[in-house]
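Visitor: Take this sequence and fold it.
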Amino acid sequence: MTLYEELKRRGLIAQVTNEEEISKMINEGKAVFYIGFDPTADSLHVGHFMALCLMKRLQMAGNRPIALLGGGTGLIGDPTGKTDLRKMLTPETIQHNVDCFKKQMSKFIEFGEGKAMMVNNADWLLSLNYIDVLREVGACFSVNKMLSFECYKQRWERGLTFLEFNYMIMQSYDFYMLFQKYGCNMQFGGDDQWANMLGGTELIRKKLGKDAHAMTITLLTNSEGKKMGKTEKGAVWLDPEKTAPYEFFQYWRNIGDADVIKCLKLLTFIPIEEIEEMERTLEGAALNSAKERLAYELTTLIHGKEEADKCLQAAHALFGGSGASEDMPTTEIPAAEIGEGINILDLLVRCSLAPSKSEARRLVTQGGIAVDDNKVTNSSALVPISDSIIIKKGKKVYHKVSVQ
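Guide: Reported below is the predicted structural model:
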């Protein structure tokens, strides 16, 4: 089985510009490809995970990845998938985010001489002269065609700024520059980037008379079509300071039954034959085992085997009934704030188990909260904490509260 055949079998490939050429290049390890990451936050998140996995798979097969950090495009903002204008970031914030991305990627992708490259499009975009850009690439883009793409159509009614309208041109210019500077012959990205990626291949063809290729990968969505990687607290981050390894582990351990096999295929390096065998017997205990395997594999990839082992032990301690674990999410409260006890609603909000007191009250009155295995249904209840307690939300979320 070739690499390209495996990617198809795993359900990774969405759209390609030339399947014959692309499959030949990546199977022979001759692809020099790039994936762009706009530094809109100080950490990568689950939404970036698919791209990182693809980079790793292709690098293992001898292909050369280029991680393009959007120090320049981040100043504009991609309108794709957005109903409103993105928040404008300062150059200082963007540079800080770029530095954070570099550190995280280096744990996952092998960079160095003859290996993966990491470049920043600020190196060429920030020095461009506006008139030169208009003369050099402006004539290569049809406004009519650009407006026909879904990424612009969905913003049309609310108002599409000229700032955002330039994003496709900037991303296309990136591919054009990478093709010339590093021999980059392919661009990979999420399926929602198809229009921007085609812009790059067209610009290279019109300006240089050469072929470049694009391939989109399946977006990471659940069985309901919603993007994965969100919780009540917000995004699931790869930075352990923003999303603790145990929370990261539990996110994957608790995904929907219908999404387990898909995530195993898309995100793990478990042999596809083994995953397909699991799929044939996926019910009851086997389903729980598959979820645990998924959580363990992904936590190992991002946080290392030691942290994954801790998370697995913590989960077994909780769900096996053997007591609390020091590795579960914990909130510490000063003893002076507790007195005779702390109101259950205040406690839930304090531990980020509910975004507001009204949501906390709903959880309590509907029987969704237990403290040390005792269900709490009175929203006025005071919770005494002499040392520590375990709060259980629903069937799967556990949180430890300790006294400082």
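
Visitor: and Y176, how many neighbours does it have?
Guide: Residues lying near Y176 (other CB atoms under 10 Å) number 25. In this view, the C-beta of every residue, glycine as well, is placed from N, C-alpha and C.

Visitor: Name all residues that make contact with it.
Guide: By CB atoms under 8 Å, 6 or more residues apart in numbering, the residues touching Y176 are V137, G200, L203, I204, K207, L208.

Visitor: what's the neighbour count on V383?
Guide: As a burial measure, V383 scores 18 neighbours (other CB under 10 Å).

Visitor: Tell me the spacing between it and Y398.
Guide: In this view, V383 and Y398 are 15 Å apart by CB to CB, to the nearest Å.

Visitor: What segments of the stretch 101-250 of the chain are strands?
Guide: Counting by DSSP state E, counting those that start in this stretch, the stretch 101-250 of the chain has strands at residues 117-120, 186-190, 213-217, 230-231, 234-235.

Visitor: and for stretch 366-385, what are the contacting residues?
Guide: Residues outside stretch 366-385 that contact it (CB under 8 Å, 6+ apart): 333, 338, 340-345, 347-348, 353, 360-361, 363-365, 389-394, 401-403.

Visitor: Buried residues, that stretch. List them.
Guide: Neighbour counts over stretch 366-385 (16 or more other CB atoms under 10 Å) mark G368, I369, A370, V371, V376, S379, A381, V383, I385 as buried.

Visitor: for stretch 241-259, same thing?
Guide: By neighbour count with 16+ other CB under 10 Å, stretch 241-259 contains the buried residues 242-253, 255, 259.

Visitor: do the same with stretch 12-27
Guide: Residues of stretch 12-27 classed as buried under the neighbour-count rule (16+ other CB under 10 Å) are L12, I13, V16, T17, I22, S23, M25, I26, N27.

Visitor: Kindly report the same for stretch 279-299.
Guide: Applying 16+ other CB under 10 Å to stretch 279-299 flags A290, K291, E292, R293, L294, A295, Y296, E297, L298, T299 as buried.

Visitor: and which of these is nearest to M170?
Guide: Distances from M170 to the buried residues of stretch 279-299, taken as CB to CB, are shortest for L298 (32.4 Å).

Visitor: out of everything not next to it in sequence, what's closest to that closest one?
Guide: Of all residues not flanking L298 in the chain, W252 sits nearest, at 5.4 Å (CB to CB, 6 or more residues apart in numbering).

Visitor: Can you give me every residue that contacts that neighbour?
Guide: Contact partners of W252, counting by CB under 8 Å, 6+ apart, are C263, K291, L294, A295, L298, T299.

Visitor: related to what we said a few turns ago, weakest of the strands of the stretch 101-250 of the chain by average pLDDT?
Guide: Of all those, the minimum mean pLDDT falls on strand 230-231 (a mean of 70).

Visitor: Would you mind pulling up the elements that the strand or helix carrying I66 packs against?
Guide: Here I66 is covered by strand 64-69, with elements defined by DSSP states H and E. For strand 64-69, the elements it packs on are strand 32-37, helix 46-60, helix 91-105, strand 117-120, helix 167-182, judged by 3 or more CB pairs under 8 Å, 6 or more residues apart in numbering; DSSP states H and E.

Visitor: Turn those into CSV, including distance to K145.
Guide: Shown next, in CSV, are the helices and strands packed on strand 64-69 (distance: least, CB to CB, whole Å):
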stretch, distance to K145
strand 32-37, 21
helix 46-60, 26
helix 91-105, 30
strand 117-120, 28
helix 167-182, 10
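
Visitor: Lowest average pLDDT across these?
Guide: Taking the mean pLDDT of these, helix 91-105 comes last: a mean of 86.

Visitor: In the stretch 251-400 of the chain, what residue spans correspond to helices?
Guide: For the stretch 251-400 of the chain, the helices defined by DSSP state H, counting those that start in this stretch occupy 260-267, 272-280, 285-303, 305-319, 344-350, 357-365.
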